[in-house]
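K.L.:
based on what follows, work out the 3D shape:
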Amino acid sequence: MTHQSFDLDADIVELTPFVPEAEAVATVPLAELAFRADAWLPDETKRLRAAFAGDHTIDEIAAMLGRPRAGVVTRIHDLGLRRNSRRSWTEWDDEEMARCYAHEPTATLAARLGRGVSALYARARLLDLSEPGSPPYSGWEDAQLRAGYDKGVPVAQIASLIGRPFTGIISRASTLGLRHACQPDDWSDAEMNRALELASTGTRYVAIAQVLTAEGFPTRNGRSLGQRLRKLGYGRGWGRPWIAEEDDLLRHAYATGASLTPLRERLGRTPHSIRWRVEALGLRGTHVHRDGFRQGPVWTAEEEARLRADYGKIPTRQIADQIGRGVRAVLYHANRMGLTHGFMRAFSANEDRAIRNAWTYGVSMVDVAQALGRDPAVIGKHAAHIGCRFNDPARPVRGPKTRRANRIPVTLQSLLALDSANAVDVDLPLAA
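P.N.:
Have a look, this model is predicted:
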(Lines give C-alpha, C1' and ligand atoms only; values in the text may rest on other atoms or scores of the structure.)
Protein backbone atom coordinates (compact mmCIF):
# COMPACT_ATOMS: atom_id res chain seq x y z
CA MET A 1 0.00 0.00 0.00
CA THR A 2 1.35 3.42 -0.96
CA HIS A 3 0.57 6.78 0.62
CA GLN A 4 0.46 10.06 -1.24
CA SER A 5 1.99 13.08 0.45
CA PHE A 6 -0.15 16.19 0.02
CA ASP A 7 -0.18 19.85 1.02
CA LEU A 8 -2.81 21.31 3.31
CA ASP A 9 -5.22 23.98 2.15
CA ALA A 10 -5.00 27.25 4.09
CA ASP A 11 -8.62 26.89 5.32
CA ILE A 12 -8.06 23.50 6.98
CA VAL A 13 -8.10 23.74 10.78
CA GLU A 14 -8.06 20.03 11.65
CA LEU A 15 -7.33 16.71 9.98
CA THR A 16 -9.77 14.66 12.00
CA PRO A 17 -12.60 15.52 14.43
CA PHE A 18 -11.92 15.09 18.12
CA VAL A 19 -14.53 15.16 20.89
CA PRO A 20 -13.02 15.46 24.41
CA GLU A 21 -15.62 13.14 25.97
CA ALA A 22 -14.40 10.32 23.76
CA GLU A 23 -11.35 10.03 26.01
CA ALA A 24 -13.43 9.13 29.04
CA VAL A 25 -14.22 5.46 29.60
CA ALA A 26 -17.33 4.56 31.59
CA THR A 27 -16.40 2.45 34.61
CA VAL A 28 -19.81 2.40 36.36
CA PRO A 29 -23.32 1.67 35.09
CA LEU A 30 -25.27 4.68 33.86
CA ALA A 31 -27.78 6.10 36.33
CA GLU A 32 -30.91 8.13 35.68
CA LEU A 33 -30.33 11.86 36.19
CA ALA A 34 -32.89 14.52 37.00
CA PHE A 35 -33.70 16.90 34.15
CA ARG A 36 -31.87 20.23 34.40
CA ALA A 37 -33.48 23.41 33.19
CA ASP A 38 -30.20 24.56 31.64
CA ALA A 39 -29.51 21.27 29.83
CA TRP A 40 -28.65 21.52 26.14
CA LEU A 41 -31.46 20.16 23.98
CA PRO A 42 -30.81 18.51 20.60
CA ASP A 43 -32.42 21.40 18.74
CA GLU A 44 -30.20 23.93 20.55
CA THR A 45 -27.10 21.91 19.75
CA LYS A 46 -28.13 21.75 16.10
CA ARG A 47 -28.63 25.52 15.97
CA LEU A 48 -25.29 26.03 17.71
CA ARG A 49 -23.47 23.90 15.14
CA ALA A 50 -25.12 25.77 12.26
CA ALA A 51 -24.36 29.21 13.70
CA PHE A 52 -20.77 28.26 14.48
CA ALA A 53 -20.26 26.92 10.96
CA GLY A 54 -21.84 30.11 9.64
CA ASP A 55 -19.06 32.14 11.30
CA HIS A 56 -21.28 33.97 13.78
CA THR A 57 -19.49 35.49 16.76
CA ILE A 58 -19.78 33.93 20.20
CA ASP A 59 -21.84 36.90 21.37
CA GLU A 60 -24.25 36.50 18.44
CA ILE A 61 -24.65 32.78 19.11
CA ALA A 62 -25.25 33.43 22.82
CA ALA A 63 -27.93 36.03 22.01
CA MET A 64 -29.52 33.71 19.44
CA LEU A 65 -29.79 30.84 21.94
CA GLY A 66 -30.50 32.99 25.00
CA ARG A 67 -27.51 31.57 26.87
CA PRO A 68 -24.49 33.17 28.55
CA ARG A 69 -21.26 33.50 26.62
CA ALA A 70 -19.35 31.16 28.97
CA GLY A 71 -21.94 28.42 28.48
CA VAL A 72 -21.71 28.70 24.69
CA VAL A 73 -17.91 28.58 24.77
CA THR A 74 -17.97 25.49 26.98
CA ARG A 75 -20.47 23.75 24.72
CA ILE A 76 -18.36 24.50 21.62
CA HIS A 77 -15.36 22.96 23.37
CA ASP A 78 -17.33 19.91 24.48
CA LEU A 79 -18.53 19.32 20.92
CA GLY A 80 -14.98 19.58 19.55
CA LEU A 81 -15.97 22.27 17.02
CA ARG A 82 -13.29 24.26 15.16
CA ARG A 83 -13.27 26.82 12.38
CA ASN A 84 -11.22 29.56 10.70
CA SER A 85 -13.26 32.64 11.58
CA ARG A 86 -13.13 35.64 9.26
CA ARG A 87 -14.80 37.94 11.79
CA SER A 88 -13.00 40.92 13.30
CA TRP A 89 -11.34 40.45 16.66
CA THR A 90 -13.39 41.74 19.58
CA GLU A 91 -12.21 43.26 22.83
CA TRP A 92 -13.17 40.05 24.64
CA ASP A 93 -11.06 37.99 22.19
CA ASP A 94 -8.02 40.16 22.89
CA GLU A 95 -8.57 39.93 26.63
CA GLU A 96 -8.71 36.13 26.43
CA MET A 97 -5.52 36.16 24.35
CA ALA A 98 -3.69 38.31 26.89
CA ARG A 99 -4.92 36.19 29.80
CA CYS A 100 -4.35 32.69 28.42
CA TYR A 101 -1.86 32.82 25.53
CA ALA A 102 1.25 31.99 27.56
CA HIS A 103 -0.44 29.52 29.91
CA GLU A 104 -2.26 26.95 27.76
CA PRO A 105 -1.76 25.17 24.42
CA THR A 106 -2.37 27.46 21.47
CA ALA A 107 -4.59 24.84 19.85
CA THR A 108 -6.86 24.75 22.92
CA LEU A 109 -7.16 28.55 23.01
CA ALA A 110 -7.86 28.58 19.26
CA ALA A 111 -10.77 26.20 19.75
CA ARG A 112 -12.27 28.38 22.47
CA LEU A 113 -12.01 31.50 20.32
CA GLY A 114 -13.24 29.70 17.19
CA ARG A 115 -10.14 30.53 15.14
CA GLY A 116 -7.19 28.82 13.49
CA VAL A 117 -3.83 28.42 15.22
CA SER A 118 -2.03 30.55 12.63
CA ALA A 119 -4.56 33.35 13.23
CA LEU A 120 -3.73 33.27 16.96
CA TYR A 121 0.00 33.51 16.29
CA ALA A 122 -0.51 36.52 14.02
CA ARG A 123 -2.81 38.23 16.54
CA ALA A 124 -0.39 37.55 19.41
CA ARG A 125 2.34 39.24 17.38
CA LEU A 126 0.17 42.32 16.94
CA LEU A 127 -0.66 42.35 20.66
CA ASP A 128 3.05 41.93 21.55
CA LEU A 129 2.35 38.80 23.60
CA SER A 130 5.14 36.45 24.61
CA GLU A 131 5.35 32.99 23.10
CA PRO A 132 3.77 30.24 25.21
CA GLY A 133 5.88 27.56 26.81
CA SER A 134 5.57 23.85 26.13
CA PRO A 135 2.40 22.63 27.88
CA PRO A 136 1.42 18.94 27.64
CA TYR A 137 -0.09 17.76 24.36
CA SER A 138 -3.88 17.70 24.34
CA GLY A 139 -6.03 14.89 22.98
CA TRP A 140 -6.95 17.00 19.93
CA GLU A 141 -3.29 17.63 19.12
CA ASP A 142 -2.43 13.93 19.36
CA ALA A 143 -5.39 13.09 17.13
CA GLN A 144 -4.21 15.54 14.44
CA LEU A 145 -0.68 14.22 14.76
CA ARG A 146 -1.80 10.61 14.23
CA ALA A 147 -3.99 11.54 11.26
CA GLY A 148 -1.26 13.67 9.68
CA TYR A 149 1.35 10.93 9.94
CA ASP A 150 -1.10 8.36 8.58
CA LYS A 151 -2.04 10.54 5.57
CA GLY A 152 1.53 11.59 4.77
CA VAL A 153 1.06 15.31 5.52
CA PRO A 154 4.46 17.09 5.67
CA VAL A 155 5.63 17.38 9.27
CA ALA A 156 6.19 21.13 8.94
CA GLN A 157 2.54 21.59 7.96
CA ILE A 158 1.34 19.46 10.88
CA ALA A 159 3.43 21.68 13.17
CA SER A 160 1.82 24.81 11.70
CA LEU A 161 -1.69 23.32 11.97
CA ILE A 162 -1.54 22.53 15.70
CA GLY A 163 0.88 25.29 16.73
CA ARG A 164 3.93 23.30 17.81
CA PRO A 165 7.61 23.53 16.74
CA PHE A 166 8.90 21.13 14.11
CA THR A 167 11.26 19.39 16.53
CA GLY A 168 8.46 19.08 19.06
CA ILE A 169 6.31 17.24 16.51
CA ILE A 170 9.14 14.81 15.75
CA SER A 171 9.68 14.16 19.46
CA ARG A 172 5.97 13.66 20.20
CA ALA A 173 5.53 11.31 17.23
CA SER A 174 8.45 9.23 18.51
CA THR A 175 6.84 9.07 21.97
CA LEU A 176 3.56 7.89 20.43
CA GLY A 177 5.40 5.31 18.31
CA LEU A 178 4.21 6.85 15.01
CA ARG A 179 5.85 6.28 11.64
CA HIS A 180 5.24 8.79 8.86
CA ALA A 181 3.45 7.48 5.77
CA CYS A 182 6.34 8.73 3.64
CA GLN A 183 8.78 6.61 5.63
CA PRO A 184 7.57 3.03 5.04
CA ASP A 185 9.98 0.40 6.26
CA ASP A 186 9.39 -2.18 3.53
CA TRP A 187 12.45 -1.47 1.35
CA SER A 188 12.85 -4.03 -1.42
CA ASP A 189 16.17 -4.98 -3.00
CA ALA A 190 15.05 -3.52 -6.32
CA GLU A 191 14.17 -0.18 -4.70
CA MET A 192 17.48 0.06 -2.82
CA ASN A 193 19.51 -0.79 -5.94
CA ARG A 194 17.62 1.81 -7.97
CA ALA A 195 18.10 4.44 -5.27
CA LEU A 196 21.86 3.79 -5.15
CA GLU A 197 22.03 3.98 -8.94
CA LEU A 198 20.33 7.40 -8.99
CA ALA A 199 22.38 8.68 -6.04
CA SER A 200 25.64 7.87 -7.81
CA THR A 201 24.73 10.43 -10.50
CA GLY A 202 24.64 13.26 -7.90
CA THR A 203 20.87 13.70 -8.10
CA ARG A 204 19.31 15.34 -5.06
CA TYR A 205 17.48 13.10 -2.62
CA VAL A 206 14.14 14.84 -3.20
CA ALA A 207 14.44 14.27 -6.94
CA ILE A 208 15.40 10.61 -6.36
CA ALA A 209 12.29 10.11 -4.20
CA GLN A 210 10.12 11.58 -6.98
CA VAL A 211 11.67 9.30 -9.61
CA LEU A 212 11.16 6.22 -7.41
CA THR A 213 7.49 7.13 -6.86
CA ALA A 214 6.97 7.62 -10.61
CA GLU A 215 8.46 4.17 -11.21
CA GLY A 216 5.93 2.54 -8.88
CA PHE A 217 7.92 2.30 -5.66
CA PRO A 218 6.42 3.48 -2.32
CA THR A 219 6.21 7.24 -1.80
CA ARG A 220 9.02 8.52 0.43
CA ASN A 221 10.49 11.87 1.34
CA GLY A 222 14.07 13.00 0.88
CA ARG A 223 14.90 12.63 4.57
CA SER A 224 13.91 8.98 4.82
CA LEU A 225 15.69 8.26 1.53
CA GLY A 226 18.90 9.83 2.81
CA GLN A 227 18.72 7.84 6.03
CA ARG A 228 18.32 4.57 4.15
CA LEU A 229 21.19 5.34 1.75
CA ARG A 230 23.51 6.12 4.65
CA LYS A 231 22.60 2.79 6.24
CA LEU A 232 23.63 1.15 2.96
CA GLY A 233 27.07 2.76 3.23
CA TYR A 234 26.45 5.64 0.81
CA GLY A 235 27.20 9.13 2.06
CA ARG A 236 27.71 12.61 0.68
CA GLY A 237 29.28 14.17 3.75
CA TRP A 238 28.13 17.78 4.03
CA GLY A 239 27.02 17.66 0.38
CA ARG A 240 28.49 17.02 -3.01
CA PRO A 241 31.86 18.75 -3.66
CA TRP A 242 31.86 22.18 -5.25
CA ILE A 243 33.29 22.16 -8.76
CA ALA A 244 35.29 24.96 -10.39
CA GLU A 245 32.38 26.04 -12.59
CA GLU A 246 30.12 26.47 -9.54
CA ASP A 247 32.77 28.54 -7.78
CA ASP A 248 33.08 30.75 -10.87
CA LEU A 249 29.32 31.25 -11.00
CA LEU A 250 29.25 32.18 -7.30
CA ARG A 251 32.11 34.69 -7.75
CA HIS A 252 30.30 36.20 -10.72
CA ALA A 253 27.11 36.62 -8.66
CA TYR A 254 29.00 38.50 -5.95
CA ALA A 255 30.96 40.60 -8.45
CA THR A 256 27.88 41.70 -10.41
CA GLY A 257 25.43 41.90 -7.51
CA ALA A 258 23.16 39.20 -8.99
CA SER A 259 20.45 37.66 -6.82
CA LEU A 260 21.43 34.45 -5.02
CA THR A 261 17.95 32.91 -5.27
CA PRO A 262 18.26 31.81 -8.93
CA LEU A 263 21.76 30.63 -8.06
CA ARG A 264 20.35 28.24 -5.45
CA GLU A 265 17.79 26.89 -7.91
CA ARG A 266 20.33 26.50 -10.70
CA LEU A 267 22.96 24.74 -8.60
CA GLY A 268 20.57 22.80 -6.39
CA ARG A 269 22.39 24.12 -3.31
CA THR A 270 20.90 25.00 0.05
CA PRO A 271 21.31 28.53 1.51
CA HIS A 272 23.57 27.05 4.20
CA SER A 273 25.80 25.44 1.54
CA ILE A 274 26.14 28.71 -0.36
CA ARG A 275 26.94 30.67 2.82
CA TRP A 276 29.61 28.12 3.74
CA ARG A 277 31.18 28.32 0.26
CA VAL A 278 31.12 32.14 0.29
CA GLU A 279 33.08 32.09 3.54
CA ALA A 280 35.52 29.50 2.16
CA LEU A 281 36.18 31.60 -0.96
CA GLY A 282 36.48 34.84 1.04
CA LEU A 283 33.75 36.59 -0.93
CA ARG A 284 32.26 38.55 1.95
CA GLY A 285 32.47 42.25 1.16
CA THR A 286 33.00 41.79 -2.58
CA HIS A 287 29.26 41.53 -3.26
CA VAL A 288 27.65 44.76 -4.39
CA HIS A 289 25.27 44.40 -1.44
CA ARG A 290 27.65 44.87 1.46
CA ASP A 291 25.35 42.92 3.79
CA GLY A 292 25.93 39.84 1.62
CA PHE A 293 23.39 37.09 2.16
CA ARG A 294 21.62 38.80 5.07
CA GLN A 295 17.92 39.26 4.59
CA GLY A 296 16.17 42.60 4.57
CA PRO A 297 17.15 45.94 2.99
CA VAL A 298 20.74 47.11 3.30
CA TRP A 299 21.43 49.57 6.12
CA THR A 300 22.35 52.99 4.74
CA ALA A 301 24.96 55.31 6.21
CA GLU A 302 22.21 57.69 7.33
CA GLU A 303 20.34 54.91 9.16
CA GLU A 304 23.49 53.76 10.92
CA ALA A 305 24.29 57.36 11.92
CA ARG A 306 20.82 57.77 13.43
CA LEU A 307 21.15 54.42 15.21
CA ARG A 308 24.55 55.40 16.61
CA ALA A 309 23.20 58.75 17.81
CA ASP A 310 19.94 57.53 19.37
CA TYR A 311 20.69 54.00 20.57
CA GLY A 312 20.37 53.84 24.34
CA LYS A 313 18.94 57.37 24.54
CA ILE A 314 15.40 56.77 23.32
CA PRO A 315 13.31 53.56 23.33
CA THR A 316 14.45 51.00 20.75
CA ARG A 317 10.89 50.62 19.43
CA GLN A 318 10.82 54.35 18.67
CA ILE A 319 14.09 54.03 16.73
CA ALA A 320 12.65 51.09 14.79
CA ASP A 321 9.52 53.10 13.88
CA GLN A 322 11.60 56.06 12.71
CA ILE A 323 13.89 53.93 10.54
CA GLY A 324 11.12 51.65 9.33
CA ARG A 325 12.59 48.36 10.59
CA GLY A 326 11.69 45.75 13.18
CA VAL A 327 12.87 46.03 16.78
CA ARG A 328 14.83 42.79 16.49
CA ALA A 329 16.59 44.02 13.34
CA VAL A 330 17.62 47.21 15.15
CA LEU A 331 18.97 45.23 18.12
CA TYR A 332 20.93 42.83 15.88
CA HIS A 333 22.47 45.62 13.80
CA ALA A 334 23.38 47.64 16.88
CA ASN A 335 25.16 44.57 18.20
CA ARG A 336 27.05 44.16 14.89
CA MET A 337 28.08 47.83 15.13
CA GLY A 338 29.37 47.26 18.66
CA LEU A 339 26.89 49.69 20.25
CA THR A 340 26.11 49.39 23.95
CA HIS A 341 22.65 50.23 25.25
CA GLY A 342 23.04 52.81 28.01
CA PHE A 343 20.01 51.50 29.89
CA MET A 344 21.60 48.07 30.23
CA ARG A 345 25.08 48.93 31.50
CA ALA A 346 26.06 47.89 35.02
CA PHE A 347 25.53 50.36 37.85
CA SER A 348 28.68 51.84 39.38
CA ALA A 349 29.30 52.46 43.07
CA ASN A 350 28.84 56.23 42.58
CA GLU A 351 25.50 55.68 40.82
CA ASP A 352 24.28 53.52 43.70
CA ARG A 353 25.35 56.24 46.13
CA ALA A 354 23.57 58.90 44.04
CA ILE A 355 20.34 56.84 44.04
CA ARG A 356 20.49 56.41 47.83
CA ASN A 357 21.06 60.14 48.29
CA ALA A 358 18.16 60.98 45.98
CA TRP A 359 15.91 58.60 47.90
CA THR A 360 16.95 60.10 51.25
CA TYR A 361 16.70 63.77 50.26
CA GLY A 362 13.48 63.59 48.23
CA VAL A 363 14.79 63.97 44.65
CA SER A 364 12.35 62.59 42.06
CA MET A 365 13.12 59.37 40.21
CA VAL A 366 12.69 61.09 36.83
CA ASP A 367 15.37 63.65 37.67
CA VAL A 368 17.69 60.87 38.83
CA ALA A 369 17.17 59.05 35.52
CA GLN A 370 18.03 62.19 33.55
CA ALA A 371 21.11 62.80 35.65
CA LEU A 372 22.39 59.24 35.15
CA GLY A 373 21.31 58.93 31.51
CA ARG A 374 19.04 55.96 32.12
CA ASP A 375 15.41 55.01 31.74
CA PRO A 376 13.24 55.84 34.80
CA ALA A 377 11.92 52.26 34.85
CA VAL A 378 15.50 50.95 35.06
CA ILE A 379 16.25 53.37 37.89
CA GLY A 380 13.11 52.31 39.78
CA LYS A 381 13.91 48.61 39.42
CA HIS A 382 17.54 48.99 40.52
CA ALA A 383 16.58 51.30 43.39
CA ALA A 384 14.19 48.65 44.70
CA HIS A 385 16.96 46.07 44.37
CA ILE A 386 19.25 48.10 46.66
CA GLY A 387 16.45 48.79 49.15
CA CYS A 388 15.39 52.29 48.05
CA ARG A 389 11.93 52.01 46.53
CA PHE A 390 10.89 55.48 45.37
CA ASN A 391 7.21 54.72 45.98
CA ASP A 392 7.87 53.55 49.53
CA PRO A 393 5.52 55.39 51.95
CA ALA A 394 8.32 55.36 54.54
CA ARG A 395 10.63 57.32 52.24
CA PRO A 396 11.96 60.50 53.94
CA VAL A 397 10.24 63.66 52.71
CA ARG A 398 11.87 67.07 52.74
CA GLY A 399 9.96 70.09 53.92
CA PRO A 400 8.49 72.62 51.47
CA LYS A 401 11.05 74.66 49.61
CA THR A 402 10.72 77.48 47.10
CA ARG A 403 11.71 76.48 43.58
CA ARG A 404 13.77 78.85 41.46
CA ALA A 405 13.05 79.09 37.75
CA ASN A 406 16.76 79.12 36.95
CA ARG A 407 17.51 76.12 39.12
CA ILE A 408 20.71 74.22 38.22
CA PRO A 409 19.87 70.85 36.52
CA VAL A 410 20.42 67.71 38.55
CA THR A 411 23.73 65.98 37.80
CA LEU A 412 25.60 63.01 39.17
CA GLN A 413 27.93 65.36 41.04
CA SER A 414 25.07 67.25 42.68
CA LEU A 415 23.48 63.99 43.78
CA LEU A 416 26.74 62.78 45.28
CA ALA A 417 27.07 66.06 47.18
CA LEU A 418 23.74 65.59 48.94
CA ASP A 419 25.21 63.57 51.80
CA SER A 420 27.71 66.31 52.66
CA ALA A 421 27.27 68.59 55.65
CA ASN A 422 25.61 71.27 53.46
CA ALA A 423 23.09 68.93 51.87
CA VAL A 424 20.17 70.99 53.11
CA ASP A 425 21.36 73.94 51.06
CA VAL A 426 21.43 72.06 47.75
CA ASP A 427 18.58 73.26 45.54
CA LEU A 428 17.23 70.15 43.73
CA PRO A 429 13.78 69.18 42.44
CA LEU A 430 11.62 67.52 45.03
CA ALA A 431 9.59 64.41 44.47
CA ALA A 432 5.92 65.01 43.91
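K.L.:
C-alpha only now, for contacts and for neighbours.
P.N.:
Fine.
K.L.:
show me what counts as buried in stretch 148-162.
P.N.:
148-155, 157-159, 161-162 (16 or more other Cα atoms under 10 Å).
K.L.:
correction: the previous question concerned stretch 187-197.
P.N.:
So stretch 187-197, judged by 16+ other Cα under 10 Å, has buried residues 191, 195, 196.
K.L.:
these two touch, right, residue 362 and residue 396?
P.N.:
Yes. Using Cα atoms under 8 Å, residue 362 makes contact with residue 396 at a distance of 6.7 Å.
K.L.:
the two: which has the busier surroundings?
P.N.:
For residue 362 versus residue 396, neighbours defined as other Cα atoms under 10 Å are more numerous around residue 362 (19 against 12).
K.L.:
for residue 260, phi and psi?
P.N.:
phi -90, psi -10 (degrees, to the nearest 10).
K.L.:
which one is it nearest to, not counting chain neighbours?
P.N.:
residue 253 (7.1 Å; Cα to Cα, 6 or more residues apart in numbering).
K.L.:
buried residues, the helix or strand harbouring that neighbour. List them.
P.N.:
Here residue 253, judged by DSSP states H and E, is contained in helix 244-256. Applying a neighbour-count criterion of 16+ other Cα under 10 Å, one finds 250, 251, 253, 254 buried in helix 244-256.
K.L.:
from those, which is closest to residue 51?
P.N.:
Looking at the buried residues of helix 244-256 and their distance to residue 51, the nearest is residue 253, at 56.6 Å (Cα to Cα).
K.L.:
does the closest one touch residue 261 like I think?
P.N.:
No. Taking contacts as Cα under 8 Å, residue 253 lies outside contact range of residue 261: 10.4 Å.
K.L.:
report the contact partners of the nearest residue to residue 369 once chain neighbours are set aside.
P.N.:
Closest residue in space to residue 369, ignoring its immediate chain neighbours: residue 376 at 5.1 Å, by Cα to Cα, 6+ apart. For residue 376, the contacting residues are 365, 366, 368, 369, by Cα atoms under 8 Å, 6 or more residues apart in numbering.
K.L.:
rewinding a little: in CSV: the buried residues of helix 244-256, plus pLDDT.
P.N.:
Converted to CSV, the buried residues of helix 244-256 look like this (pLDDT from 0 to 100):
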residue, pLDDT
250, 83
251, 83
253, 80
254, 80
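K.L.:
the residues you listed: which two are farthest apart?
P.N.:
Counting by Cα to Cα, the most remote pair of those is 250 and 254, 6.5 Å apart.
K.L.:
ok, now how distant is residue 75 from residue 372?
P.N.:
57 Å (Cα to Cα, to the nearest Å).
K.L.:
what about residue 346, neighbour count?
P.N.:
Neighbour tally, residue 346, other Cα under 10 Å: 8.
K.L.:
roughly how far does it sit from residue 363?
P.N.:
22 Å.
K.L.:
again with residue 385
P.N.:
18 Å.
K.L.:
of the two, who's got more company?
P.N.:
A direct count of neighbours by other Cα under 10 Å for residue 385 and residue 363 places residue 363 higher, at 23 against 10.
K.L.:
for residue 338, see how far away that one is.
P.N.:
In terms of Cα to Cα, residue 363 sits 34 Å off from residue 338.
K.L.:
likewise for residue 187?
P.N.:
54 Å.
K.L.:
contact partners for residue 117?
P.N.:
13, 106, 107, 110, 160, 161, 162, 163.
K.L.:
mind running it again at 7 Å?
P.N.:
Counting by Cα atoms under 7 Å, 6 or more residues apart in numbering, residue 117 makes contact with 106, 107, 110, 161, 162, 163.
K.L.:
and the closest residue to residue 160 other than its chain neighbours, how far from residue 88?
P.N.:
Nearest residue to residue 160 in three dimensions, chain neighbours excluded: residue 118, at 7.0 Å (Cα to Cα, 6+ apart). Noted for residue 118: a distance of 15 Å to residue 88, by Cα to Cα.
K.L.:
more neighbours: which of those two?
P.N.:
Comparing residue 118 with residue 88 by other Cα under 10 Å, the one with more neighbours is residue 118, at 19 against 8.
K.L.:
quick one, grab the pLDDT at the more buried one.
P.N.:
Per-residue pLDDT puts residue 118 at 71.
K.L.:
same question for residue 4.
P.N.:
For residue 4, pLDDT reads 47.
K.L.:
and if you look at residue 388?
P.N.:
Among the per-residue scores, residue 388 holds a pLDDT of 88.
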